[in-house]
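J.: sequence unknown, structure follows:
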C-alpha cells in the first residue's frame, strides 16, 4: 500500500502493489510478474475498479490529490507499455511520468503520459483553481515531451559535417546538465494548459513540493546544486559558491516566471501558499549557513548535521517571520555531527495556524524547551508541531519507540484536529497509547491524532505486514500521504 485518500462519497481509494496474486473480497487478481500495481475502491465491491496492466515494474501511481467534486487525480511513473484495454501508453525512456483522473467511484476518466528518453521522476501533485498541477525531475540532457511538444530551452544547435551526407544526423543539441525540474498544468478534462522547464542549471536541480494559491500562482521549493539556475528561461544568478542552495520559485497562472528567492547551505522541503499570495516554506540549514534569505540574521545552531526552520514571506518575497529549532546529542551539542532531523510536511488552516510533521534524533530544542526521543541512541521520533506567528501559540510533541519513527504527512480533520502518518519500527507510544507490530523486526504504518490546541496525542493506530517468522528478516512499510474528508474519515 502506497497511498490512500477519500472520495466525496466516503469510499477509501488505495494504491499499491502485489506479487503474483491478491484477493479483495470475491475478487482475485493474478499475474506471472512481480510489482504489479492496482487501484481499487473497497467500500462496495460492486463498484470496484481495478487498474491493471501487463508489464513487469510497469506502473507506480504514488501521488494523489482530490478536488472539491471528489474527483481523484493520480500521478506516478511507468516503464515499458501500459494497457488497460481502452488506453495504451508506451514509455519514451527508462521511466516516464503518468497521470490520470478518476471520478468519485474510481472509474478512469483519462490517463496520459509524459517523458524523455532518460529517467523521469514525479515528486508531487496538487489541485488548483484551474486544474491539476504536478512537478518532478528528468535528465536535463534529454528532450522532455508533454503532449508531443518538448519543453526544453534547447539553445544553439550545432551541426558537424562528418562527410558522406551525414551532417544532419550528427546534429548536437546543447541542453542542460544533470537533473532538471519540470512543472505542468492540465485542465480537469485532461487538456494541457502549459508545461515548462522550470529549473535548469549546470549541475543537478531538485524539487520537493508544489502548491497553488487561489489566483492560480504556482510555488515550488527545492534545491539547485550549481552556481546559479535558470527558471523557465530566465537566468537567476543565486551564485553563492555552494552546492546546496535552497530556492522558492513563483510562476504565474500561465506558467511564466514571476520571482525567486534563495539561501545557501539549506534545503527546502515543504511550501504552503496562502490566499493573499503570502506563503510558508520549511526546510533545514547547515551550521555554516549565512545570509539567510538576504536577511541580516545570525542563525542559531543546536547541533547535529542540520537544524530546521519555518519562514513566512509576503507576496513580494519579504521575510516577515521565522522560527529556528533543532536537535542534537545533549552532551556534544554543536559538536554532534551524527544526528539528523527533517520537516516532511506543512499544512495551514484559515486561522493562520501552521502545522508540521517530520522526525528528529536525540534531543530537540524547541523555543527553549527540550524534547528527548523515546528510543535508543541513533533512533528517531515522529513529531508534530504548531506555529502561529501572529499569536505565538506554538507547541511541539513527539512520540515513538526503541527504533526509527518518522512523520511523512499531516492533515487537518473535520473537527480541526490533526492526523499524521509515517513509519514506526515494531512498537511505538504516542501519549500513552501503544501500537505494536506482529513480528519483532517489522515496521508499522502509524496513524496518529493530535489535538490542535495543545498537540496532545489522543489517537494512535497502526497496520503493517508480517514476515511469517522468517527469522531476522524484516519488511518496511511507510505511509506516504494522509487526508481527511468532511465526515471525519481518514
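T.: Structure's in. What do you need? Keep in mind it's a predicted model, so treat the numbers as computed, not measured. Numbers count the residues shown, from 1 in each chain.

J.: Every contact and neighbour count from this point should use C-alpha atoms.
T.: Noted.

J.: and the closest residue to residue 448 other than its chain neighbours, how many neighbours?
T.: In space, and not counting its chain neighbours, residue 448 is closest to residue 460: 4.5 Å by CA to CA, 6 or more residues apart in numbering. Around residue 460 there are 21 other residues, counting by other CA atoms under 10 Å.

J.: ditto for residue 402
T.: 20.

J.: That one: what secondary structure?
T.: Here residue 402 is recorded as coil under DSSP: H, G, I helix; E, B strand; the rest coil.

J.: Ignoring the adjacent residues along the chain, who's closest to it?
T.: Residue nearest to residue 402 in three dimensions, not counting chain neighbours: residue 375, with 3.7 Å by CA to CA, 6+ apart.

J.: what about the most centrally placed residue in the chain, distance to residue 75?
T.: The residue lying closest to the centre of the chain (CA atoms, centre = their mean) is residue 124, at 5.0 Å. Using CA to CA, to the nearest Å, residue 124 is found at 8 Å from residue 75.

J.: do residue 368 as well
T.: 41 Å.

J.: Kindly report the same for residue 372.
T.: Distance of residue 372 to residue 75, given as CA to CA: 38 Å.

J.: Neighbour count: the two, which is higher?
T.: Taking neighbours as other CA under 10 Å, residue 372 and residue 75 compare with residue 75 leading, 26 against 19.

J.: ok, that one - contacts?
T.: 61-64, 97-100, 122, 125 (CA atoms under 8 Å, 6 or more residues apart in numbering).

J.: Return the member of these nearest to residue 282.
T.: The nearest member of the contacts of residue 75 to residue 282, counting by CA to CA, is residue 125 at 18.0 Å.

J.: For residue 334, grab phi and psi.
T.: Main-chain torsions, residue 334, degrees, to the nearest 10: phi -70, psi -10.

J.: so it touches residue 304, yeah?
T.: Yes: between residue 334 and residue 304 there is a contact under CA atoms under 8 Å: 6.6 Å.

J.: Mutual contacts of the two, please.
T.: Contacts common to residue 334 and residue 304, judged by CA under 8 Å, 6+ apart, are residue 328.

J.: and these two? which has more neighbours close in?
T.: Taking other CA under 10 Å, residue 334 and residue 304 do not tie; residue 304 has more neighbours (25 against 17).

J.: contacting residues around that one?
T.: By CA under 8 Å, 6+ apart, residue 304 lies in contact with 327-329, 333-340.

J.: Quick check: it is in a strand.
T.: No: counting by three-state DSSP, residue 304 falls outside a strand, being coil.

J.: How about residues contacting stretch 270-280?
T.: Contacts to stretch 270-280, defined as CA under 8 Å, 6+ apart, come from residues 208-215, 219-221, 281-283, 310-317, 343-348.

J.: The same query, at a cut-off of 6 Å, please.
T.: 209, 211, 213-214, 281-282, 311-315, 345 (CA atoms under 6 Å, 6 or more residues apart in numbering).

J.: In ChimeraX, how would I select the buried members of the residues you listed?
T.: Here is the ChimeraX selection string for the buried members of the contacts of stretch 270-280, based on 16 or more other CA atoms under 10 Å:
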select :209,211,213,281,282,311,312,313,345
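
J.: Cross the contacts of stretch 270-280 against helices and list the overlap.
T.: Counting by DSSP state H, no part of those is found in helices.

J.: TSV for the contacts of stretch 270-280, including distance to residue 13?
T.: Listed next are those as TSV, based on distance: CA to CA, whole Å:
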residue	distance to residue 13
209	23
211	22
213	26
214	26
281	29
282	29
311	34
312	34
313	35
314	37
315	36
345	21
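
J.: Output the contacts of stretch 270-280 in a markdown table, with pLDDT and distance to residue 399 appended to each entry.
T.: Below are the contacts of stretch 270-280 laid out as a markdown table (pLDDT from 0 to 100; distance: CA to CA, whole Å):
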| residue | pLDDT | distance to residue 399 |
| --- | --- | --- |
| 209 | 95 | 25 |
| 211 | 95 | 29 |
| 213 | 93 | 33 |
| 214 | 91 | 35 |
| 281 | 98 | 24 |
| 282 | 97 | 21 |
| 311 | 96 | 25 |
| 312 | 96 | 27 |
| 313 | 96 | 31 |
| 314 | 95 | 34 |
| 315 | 93 | 36 |
| 345 | 94 | 17 |
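
J.: Nearest to residue 68 among the contacts of stretch 270-280?
T.: For the contacts of stretch 270-280, the nearest to residue 68 is residue 214 (13.6 Å; CA to CA).

J.: returning to what we had before: looking at the contacts of stretch 270-280, which one is closest to residue 456?
T.: The closest of those to residue 456 turns out to be residue 345 (CA to CA; 18.8 Å).

J.: In contact with that closest one, which residues?
T.: Listed by CA under 6 Å, 6+ apart, the contact set of residue 345 reads 270, 356-357, 409.

J.: still on that earlier bit, check contacts around the residue nearest to residue 402.
T.: Counting by CA under 6 Å, 6+ apart, residue 375 touches 401-403.

J.: same thing with residue 132?
T.: When contacts are counted by CA under 6 Å, 6+ apart, residue 132 touches 126, 185-186.

J.: Tell me which of these fall in strands.
T.: 126, 185-186 (DSSP state E).

J.: Out of the residues you listed, which comes closest to residue 429?
T.: The closest of those to residue 429 turns out to be residue 126 (CA to CA; 32.2 Å).

J.: The closest residue in space to residue 288 that isn't next to it in sequence - how many residues pack around it?
T.: Computed as CA to CA, 6+ apart, the closest residue to residue 288 that is not its neighbour in sequence is residue 265, at 7.2 Å. Residue 265 sits with 23 neighbouring residues when counted by other CA under 10 Å.

J.: So for residue 265, what's the pLDDT?
T.: Per-residue confidence (pLDDT) for residue 265: 88.

J.: ditto for residue 295
T.: Here, the pLDDT recorded for residue 295 equals 82.

J.: Next one: it relative to residue 448, how far apart?
T.: From residue 295 to residue 448 the distance is 37 Å (CA to CA).
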